[in-house]
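Colleague: Just to be clear, the model below is a prediction. Sequence and coordinates:
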Amino acid sequence: VPVYQDAIAKEVQYVIDHSDAKFVLAEDKEQVDKLLELRHGLPKVQKIIYDDPKGMRHYRDPILISLEELEARGRELDRAEPGRFDEMVGAGRAQDIAVISYTSGTTGFPKGAVLTHAQLTEAIRSAMAIETYKPGDQILAYLPPAWVGDTFWSLAGALIAGLTVNCPERPETVQENLREIGPHLLVAPPRIWENLVSLVQVKVEDASRVKHWLFRKLMPIGQEVARRRMEHEPVPFGLRLLAWLGEFFVFGPLRDHLGLRRTRYAYTGGAALGPEVFLFFRGLGVNLKQVYGQTEISGVSCVQRDGDVKLGTVGRPFPGTEVKITESGEIISRSPCVFSGYYKNPEATVDTLRDGWLYSGDAGFFDPDGHLVVIDRAKDVTALADGTKFAPQFIENKLKFSPYIQ
């Protein structure tokens, strides 16, 4: 049961207690102190296991045990009962609970989505039916483990697809580590992609006159070629030639500088990404694609296909995933990846899971090419006096990404 490391004490207490956790693994003194303050509200917790002992020399509470000591006990038990580990692994079933992933709880207490091993493995295998993930492909695990997207790629992706997971040294070194590793897959929310564009623009302003001139002249060429290819329009020879020059002088070096030279798949999701930011990376030659999903469907259920990327959409459903739009405009899904229900919350489960269909709470529609467009939360969609429905967020995003609005 992963918990966001920046969660306030009340949120931490609720998740640990509600999930019936007996053991809590804490990274360092800061997290241990948070837990010790909450002890009166955590009656089921038997041990707090800590990794980094720095600053904890005088901590004598019997509830505490270091990860090092726990490992020593494990080795001792393995010597005493050498077959026990294999027996426990053999007793595991695909339908056993793998993760309880708590949603954000913006409208009340968070809900714990129960995900089984079978649901997570089916989800990543569905992605592998579309994308070519190779054993040993590098991925950077810098996003919070409490977010289901990290579970999808860094846990299921590592175990099923054989991805190599790299953890950054510190939050401050993510950009540096990204360049060192050069991942084959990169997952990032819109904010990260927007920050990378800002970083490039700042670097360009500080660059020499020649580099500045090359970027300003060739970057629009790359974006125009990317736009034409996305819209399946022909790319004239002259434009292709200029794009080749752009690749040599600008695009390739920039991808290398950002750590994206080896990146075959780059994903964004969770919110709308501005079309100019999306086009920027596509113009650089980065295979950036929009994904869509929820915690309750094991992370991701829709993705844009290679060669079939459209601005403003989240692509098509995974193989084996059915997506429909209800009469009210809500997106509902059905697949083997749909969660088992909310932990100790049958009322919420019944409300979200009906006849095998997951009700997402999102409003959307399919465009003429069969691509899913997500417009807003269903509860926020309203109607004009004549009955015409509209989504405030859909309009806000159009305005937010307008170059004429500051």
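Modeller: Sure thing, it's come through.

Colleague: CA only for contacts and neighbour counts going forward, please
Modeller: OK.

Colleague: Number of residues surrounding the nearest residue to A141 once chain neighbours are set aside?
Modeller: Using CA to CA, 6 or more residues apart in numbering and skipping residues adjacent in sequence, the residue nearest A141 is C167, 5.2 Å away. Here the number of neighbours of C167 (other CA atoms under 10 Å) works out to 15.

Colleague: Tell me which residues touch C167, please.
Modeller: Residues touching C167, when contacts are defined by CA atoms under 8 Å, 6 or more residues apart in numbering, comprise 140-142.

Colleague: Equivalent analysis for A158, please.
Modeller: 164-165.

Colleague: can you check the one 10 residues further on too?
Modeller: P168 makes contacts with 140-142, 174, 177, as judged by CA under 8 Å, 6+ apart.

Colleague: In TSV, list those residues along with pLDDT, secondary structure and distance to R39.
Modeller: Written out in TSV, the entries for those read as follows (pLDDT from 0 to 100; DSSP: H, G, I helix; E, B strand; the rest coil; distance: CA to CA, whole Å):
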residue	pLDDT	secondary structure	distance to R39
L140	96	strand	34
A141	94	coil	31
Y142	93	coil	29
V174	92	helix	34
N177	94	helix	37
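
Colleague: Make a markdown table out of these and add distance to Y4 and neighbour count.
Modeller: Output for these, formatted as a markdown table (distance: CA to CA, whole Å; neighbours: other CA atoms under 10 Å):
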| residue | distance to Y4 | neighbour count |
| --- | --- | --- |
| L140 | 18 | 23 |
| A141 | 14 | 20 |
| Y142 | 13 | 22 |
| V174 | 18 | 16 |
| N177 | 22 | 20 |
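
Colleague: Check the contacts of C167 against K379 and report the nearest one.
Modeller: Y142 (32.1 Å; CA to CA).

Colleague: Am I right that the closest one is in contact with V174?
Modeller: Yes. With the criterion set as CA atoms under 8 Å, Y142 and V174 qualify as a contacting pair; they are 7.0 Å apart.

Colleague: Look up the pLDDT of T107 for me, please.
Modeller: Looking at T107, its pLDDT reads 62.

Colleague: how many other residues sit next to E76?
Modeller: Look at E76: counted by other CA under 10 Å, it has 12 neighbours.

Colleague: mind checking the SS state of it?
Modeller: Secondary structure for E76, judged by DSSP: H, G, I helix; E, B strand; the rest coil, is helix.

Colleague: on that earlier part again, out of the contacts of C167, which comes closest to L214?
Modeller: If you rank the contacts of C167 by distance to L214 using CA to CA, L140 comes first, at 30.9 Å.

Colleague: ok, for P190, nearest residue in space, not its chain neighbours?
Modeller: Counting by CA to CA, 6+ apart, L273 is the residue found nearest to P190 once chain neighbours are left out, at 5.3 Å.

Colleague: Distance check, the one you found against L279.
Modeller: Taking CA to CA, to the nearest Å as the criterion, L273 is separated from L279 by 10 Å.

Colleague: for G356, same thing?
Modeller: When distances are taken as CA to CA, G356 and L279 turn out to be 37 Å apart.

Colleague: Settle it for me: which of those two has more neighbours?
Modeller: Each of G356 and L279 has its neighbours counted (other CA under 10 Å); L279 has more, 22 against 14.

Colleague: Any chance you could list what contacts stretch 30-42?
Modeller: Residues from elsewhere that reach stretch 30-42 (CA under 8 Å, 6+ apart): 5, 9, 13, 16-17, 26, 48, 50.

Colleague: What mean pLDDT does that stretch get?
Modeller: Averaged over stretch 30-42, pLDDT sits at 92.

Colleague: residues near D367, how many?
Modeller: The local packing count at D367 equals 10, with neighbours defined by other CA under 10 Å.

Colleague: With P135 instead?
Modeller: Here the count is done by other CA under 10 Å, and P135 has 14 residues near it.

Colleague: quick one: contacts for E296?
Modeller: Under the criterion of CA under 8 Å, 6+ apart, the contact list for E296 reads 113-115, 338-339, 341, 358.

Colleague: got TSV for those residues, with neighbour count too?
Modeller: Output for the contacts of E296, formatted as TSV (neighbours: other CA atoms under 10 Å):
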residue	neighbour count
A113	24
V114	24
L115	26
V338	27
F339	24
G341	21
L358	23
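
Colleague: Need the pLDDT of S333.
Modeller: 97.

Colleague: Who does it form a beta bridge with?
Modeller: Assessed by DSSP bridges, S333 has beta-bridge partners V323, L358.

Colleague: Just give me the neighbour total for it.
Modeller: Other residues near S333 number 21, with proximity taken as other CA under 10 Å.

Colleague: Distance of it relative to D362?
Modeller: Using CA to CA, one obtains 11 Å as the distance from S333 to D362.

Colleague: Same check on A91?
Modeller: According to CA to CA, A91 and D362 sit 39 Å apart.

Colleague: Of those two, which one has the most company?
Modeller: Each of A91 and D362 has its neighbours counted (other CA under 10 Å); D362 has more, 18 against 7.

Colleague: how about the more buried one, what does it touch?
Modeller: Contacts for D362 were tallied using CA under 8 Å, 6+ apart; they are 330-331, 374-379.

Colleague: Show me where the stretch 101-250 of the chain has its helices.
Modeller: With DSSP state H, counting those that start in this stretch as the definition, the stretch 101-250 of the chain shows helices at residue ranges 117-128, 148-150, 174-181, 190-206, 209-230, 237-246.

Colleague: Could I get those in CSV, plus columns for distance to E296?
Modeller: Shown next, in CSV, are the helices of the stretch 101-250 of the chain (distance: least, CA to CA, whole Å):
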stretch, distance to E296
helix 117-128, 10
helix 148-150, 9
helix 174-181, 28
helix 190-206, 21
helix 209-230, 31
helix 237-246, 42
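
Colleague: Identify whichever of those helices lies nearest to E396.
Modeller: Closest to E396 of the helices of the stretch 101-250 of the chain is helix 190-206 (CA to CA; 15.8 Å).

Colleague: which residues of the stretch 301-406 of the chain fall in helices?
Modeller: Listed in chain order (using DSSP H, counting those that start in this stretch), the helices of the stretch 301-406 of the chain are 346-352, 392-400.

Colleague: and those helices as a markdown table, adding distance to E122?
Modeller: Output for the helices of the stretch 301-406 of the chain, formatted as a markdown table (distance: least, CA to CA, whole Å):
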| stretch | distance to E122 |
| --- | --- |
| helix 346-352 | 21 |
| helix 392-400 | 32 |
